[in-house]
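Peer 1: Next input, structure requested:
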Amino acid sequence: MISYPDPATTGAATCDLCHYRRPTADAPAVAVRPPIAPQRQVRLCAPCSEDRPGRRRRELIEEDISWQAMSRQAHDLADAYTAGRWLPYEDEHHWALGLARTYWTRPALEVALRDPNPYLRAGRLVRVVEPLPRILGIVGAGDRALRPVQALLDTLAVRSARS
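Peer 2: Numbers count the residues shown, from 1 in each chain. Model (predicted):
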């Protein structure tokens, strides 16, 4: 893992997209157009500017914000799972196995999210996967923006395949 200097001690500006307080990259700022306020410039850290779904655009889009929340939740859930602080329902394991084996397209994920299983709906995994169909409208199935969720689903699928 890359170690970033503490912006509080270096005086560097921090990323406006993620919650990690990473210093911003030297790249130019991107624009954000809030629905009610005027357009403004924001700065992004290197991981956010390189991995966000709208990285080819000069402005933040809704999918970038959804991606940041999704990837943060995926990292948090993966950490909680490996540390034993989160035990997913058995249905979540099976669902993760199905998703890990499926070619990710927007329609396929929309169908998977319509699963009426109450245990799946009550679990934490479905909240991580919910933004994927919108993000897949911007990027392809193999894009690096989807790696945190793919890693989480693969981890869960491995356990599900063993049982």
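Peer 1: okay, CA-based contacts and neighbour counts for the rest of this
Peer 2: OK.
Peer 1: and Ala31, that's in a strand?
Peer 2: Yes: under DSSP: H, G, I helix; E, B strand; the rest coil, Ala31 falls within a strand.
Peer 1: Tell me if I'm right that it and Arg40 touch.
Peer 2: Yes: with contact defined as C-alpha atoms under 8 Å, Ala31 and Arg40 form a contacting pair (5.6 Å).
Peer 1: Those two - which one has more neighbours?
Peer 2: It is Ala31, of Ala31 and Arg40, that has more neighbours when counted by other C-alpha atoms under 10 Å, with 16 against 12.
Peer 1: Point out where this protein drops to low pLDDT.
Peer 2: By pLDDT under 70, the low-scoring segments of the chain are 1-12, 19, 21, 25-28, 159-163.
Peer 1: rerun that using 80 as the cut-off
Peer 2: 1-14, 18-40, 116, 158-163 (pLDDT under 80).
Peer 1: so who does the spatially most central residue of the chain touch?
Peer 2: Centroid-nearest residue in the chain: Ser71, 2.2 Å away (criterion: C-alpha atoms, centre = their mean). Contact analysis of Ser71 by C-alpha atoms under 8 Å, 6 or more residues apart in numbering lists 128, 146, 148-149.
Peer 1: Spell out the secondary structure type for it.
Peer 2: helix.
Peer 1: Quick check: the gap between it and Ile135.
Peer 2: As judged by C-alpha to C-alpha, to the nearest Å, Ser71 and Ile135 stand 12 Å apart.
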